[in-house]
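Q: Fold the following.
(chains A and B)
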There are 2 protein chains.
Amino acid sequence: MKATHRSGCPINLALEVFGDRWTLLVIRDLMFAGKRSFREFLDSEEGIASNVLSDRLKRLVEHGLVSAHDDPEHRQKTIYRLTEKGIALLPILMQMGIWSLDYMPVDPAFAGLPASWRKGGAPALRRLEAELRKAHLGPGSRRE
Amino acid sequence: MKATHRSGCPINLALEVFGDRWTLLVIRDLMFAGKRSFREFLDSEEGIASNVLSDRLKRLVEHGLVSAHDDPEHRQKTIYRLTEKGIALLPILMQMGIWSLDYMPVDPAFAGLPASWRKGGAPALRRLEAELRKAHLGPGSRRE
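A: Next comes the predicted model:
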């Protein structure tokens, strides 16, 4: 994806990719909710609009954070998986979750995961990264 | 700041506060560029529009991430400082910088800081947090 960047600052460049209210929710659903299809992403509590979801998925694929594959079980259906570049967002999402735990009204039903991240530290991150690689990049997941 | 939330998910709640292309750039300028005033934030390479900056600063104060103070040297001028809640965003920004270092075309002039974060790990984070607390919350910084 070639584009003119607002600046070469690393924070800015990251925000150019996922600095909006929806993109990281799709990443979240891929990482933690086991969701893989458009319909599954659409069915989220936050109520993402269909056209917004479509745009964000397109951008995620263009930026190389997500890969799109034919679903062997349903022709004409696409399934999405995280790439290595997408999995590498994990520490950012973990830190966001931990921050919210301290400062936002997190639903107790969703508090266990970030609490375990804070407690688990770097080893928990490595473990989760390995699980995501297996689920999204492993031989069983390659359906191109 | 009372508001209806899209969901109680910690990732969503964080995005409701800073899920846009500009908010974290203001935080970045407060954290790493020593900027404190509207005019200084306006003068960024990314070219934030005056009305957008004004809106984002207002929201940051409402959300309690930034505090606004009278500048004793210039009447009618406001200076902004990070609160504890704002300083707590540091690990998120660090992880964003590290991610960009691996995956985005970071300007070499800006690469040193995230490279040092990656190398420095948790101790570097603690050190930087202490510096930010001193600069933004310390007795010399309280001008209310």
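Q: Report how many residues lie close to the closest residue to A:Ala88 other than its chain neighbours.
A: Nearest non-adjacent residue to A:Ala88, counting by C-beta to C-beta, 6 or more residues apart in numbering or on different chains: B:Trp99, 5.7 Å away. C-betas here are computed from N, CA, C, even on glycine. Neighbour count of B:Trp99, defined by other C-beta atoms under 10 Å in any protein chain shown: 22.
Q: Looking at B:Trp99 now. What's its pLDDT?
A: Per-residue pLDDT puts B:Trp99 at 98.
Q: and it, helix, strand or coil?
A: helix (DSSP: H, G, I helix; E, B strand; the rest coil).
Q: swap in A:Ser67?
A: For A:Ser67, the assignment made with three-state DSSP gives strand.
Q: Next one: the residue nearest to A:Ala88 relative to A:His136, how far apart?
A: Between B:Trp99 and A:His136 the computed distance is 17 Å (C-beta to C-beta, to the nearest Å).
Q: Flag the shaky bits of chain A, pLDDT-wise.
A: Chain A contains residues with pLDDT under 70 at A:1-3, A:139-144.
Q: which residues touch the spatially most central residue of chain A?
A: The centroid of chain A falls nearest to A:Ile27 when counting by C-alpha atoms, centre = their mean (1.4 Å). Applying C-beta atoms under 8 Å, 6 or more residues apart in numbering or on different chains, we find A:Ile27 in contact with A:Phe18, A:Leu60, A:Leu65, A:Val66, A:Leu82, A:Gly86, A:Leu89, A:Leu93.
Q: Now do the same contact list for A:Thr83.
A: If you count contacts by C-beta under 8 Å, 6+ apart, A:Thr83 has them with A:Gly64, A:Leu65, A:Val66, A:Ser67, A:His136, A:Leu137.
Q: Now do the residue lying closest to A:Val61 once chain neighbours are set aside against chain B, distance only.
A: The shortest distance from A:Val61 to any non-neighbouring residue, by C-beta to C-beta, 6+ apart, is to A:Ala68 (5.3 Å). Taking C-beta to the nearest C-beta, to the nearest Å as the measure, A:Ala68 falls 19 Å from chain B.
Q: how deep is A:Ala68 tucked in, by neighbour count?
A: 13.
Q: Dig out what it forms beta bridges with.
A: In this entry, A:Ala68 is beta-bridged to A:Tyr80, by DSSP bridges.
Q: was I right about it contacting A:Lys58?
A: No. Contact criterion C-beta atoms under 8 Å: A:Ala68 and A:Lys58 do not qualify, at 9.3 Å.
Q: Tell me who's in contact with A:Pro10.
A: B:Met96, B:Gly97, B:Ile98, B:Trp99, B:Ser100, B:Leu101, B:Met104, B:Val106, B:Phe110, B:Ala111, B:Leu113, B:Pro114.
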